[in-house]
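**Q** Here is a sequence together with a model predicted from it:
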Amino acid sequence: MDEDLRERLRTAAASHRPDRARMLARIERGMAEEPPARPARAPRTPMPWLRVAGATAAVCGVLTAGAFAVTSAGREEPAGGQRVAAEPASPTLATPSPGRGGALPAGKDPLWSDGSLNPNSNDYWAQSEVTVKTDRPLSALTVELRIALNGGVATTGSWRSLPEQDFAVSAREEDGFLVYRWTLKPGRSVPTGTHTFAGQYNHAEGTRDAGRDDYTARARTAAGPVSVGGDFSATR
């Protein structure tokens, strides 16, 4: 049965002749017909992530503009195109203590002075300070600080609030004293104001007797030479 069916199918397939002319006519009719109009599509809305990206870009633009404005304001230069820079303060080993003196005496010498021990001094080390106030510029100035050589005194350095290059400085033992000396160099001057000169030294452990310590300051103004001096408290 199966073999007979297959044989008949092969015979039918071999005898079949397609109507070529009819097929071409159908194709031509189909090509001549207009395709049906497609329904209009609704406009596509931006994806949510595109909206987020756009907003982020806008915010970044605003922040960048603000940062540029702040930076430009911070770099503003003074008139004339000159940039102003603050000078660093000179470091010191201990902060100067306030003097014991008062205001400059009216109608008298233009110098006022004070001798004091810095509060950072301790049982092994001390800093003695000379404070000089002047109400006019000085064309010459020599400050001398004398520390009695008692209790194992030995220098550990010195400093002054005025520019280092304006002074010749020495520290040496003279007649039983450790003498610090600051001398204004020729051609330099000391401006109006308050100025500090300090000598630092080690000493034996405990309280040191400062009853013999003293200082002097000799200066010259446009009106002539002036000088001041004083001592320190008896103990540290």
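**A** Perfect, thanks for sending it. Numbering: from 1, shown residues only.

**Q** mind listing the helices for this protein?
**A** 2-15, 20-32, 48-74 (DSSP state H).

**Q** average pLDDT for the longest one?
**A** In this model, helix 48-74 has a mean pLDDT of 39.

**Q** One more: the second one?
**A** Mean per-residue pLDDT for helix 20-32: 65.

**Q** Then stretch 160-168?
**A** Rounded mean pLDDT across stretch 160-168 is 97.

**Q** List of residues touching it?
**A** For stretch 160-168, the external contacting residues (Cβ atoms under 8 Å, 6 or more residues apart in numbering) are 90, 96, 143, 169, 182-185, 188, 190, 195-198. (C-beta placed from N, C-alpha, C; glycine too.)

**Q** What subset of those residues is buried?
**A** P96, V143, W182, T183, L184, V190, H195, T196, F197, A198 (16 or more other Cβ atoms under 10 Å).

**Q** from those, which is closest to L149?
**A** The nearest member of these to L149, counting by Cβ to Cβ, is A198 at 18.4 Å.

**Q** That closest one pairs with what?
**A** For A198, the beta-bridge partners are E129, W159 (DSSP bridges).

**Q** still on that earlier bit, out of the contacts of stretch 160-168, which one sits closest to S121?
**A** A198 (10.9 Å).

**Q** from the buried ones among the contacts of stretch 160-168, which two are the most distant?
**A** P96 and T183 (20.4 Å).

**Q** related to what we said a few turns ago, tell me which of the buried ones among the contacts of stretch 160-168 has the lowest pLDDT.
**A** Of all of the buried ones among the contacts of stretch 160-168, P96 carries the lowest confidence score, 41.

**Q** Now do the strands in this protein.
**A** 111-117, 125-134, 140-148, 154-160, 167-174, 177-184, 193-202, 214-221, 224-231 (DSSP state E).

**Q** Put the alpha carbons of the last one into PDB.
**A** Translated: strand 224-231. The C-alpha trace of strand 224-231 is given here as PDB (Å, rounded to 0.1, in the frame of the first residue of the first chain):
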ATOM      1  CA  GLY A 224      70.500 113.300  69.600                       C
ATOM      2  CA  PRO A 225      71.600 110.300  71.700                       C
ATOM      3  CA  VAL A 226      69.300 108.700  74.300                       C
ATOM      4  CA  SER A 227      69.700 105.700  76.700                       C
ATOM      5  CA  VAL A 228      67.700 103.600  79.100                       C
ATOM      6  CA  GLY A 229      68.400 100.700  81.400                       C
ATOM      7  CA  GLY A 230      67.100  98.500  84.200                       C
ATOM      8  CA  ASP A 231      67.300  95.100  85.900                       C
END
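
**Q** Thanks again, I'm all set now.
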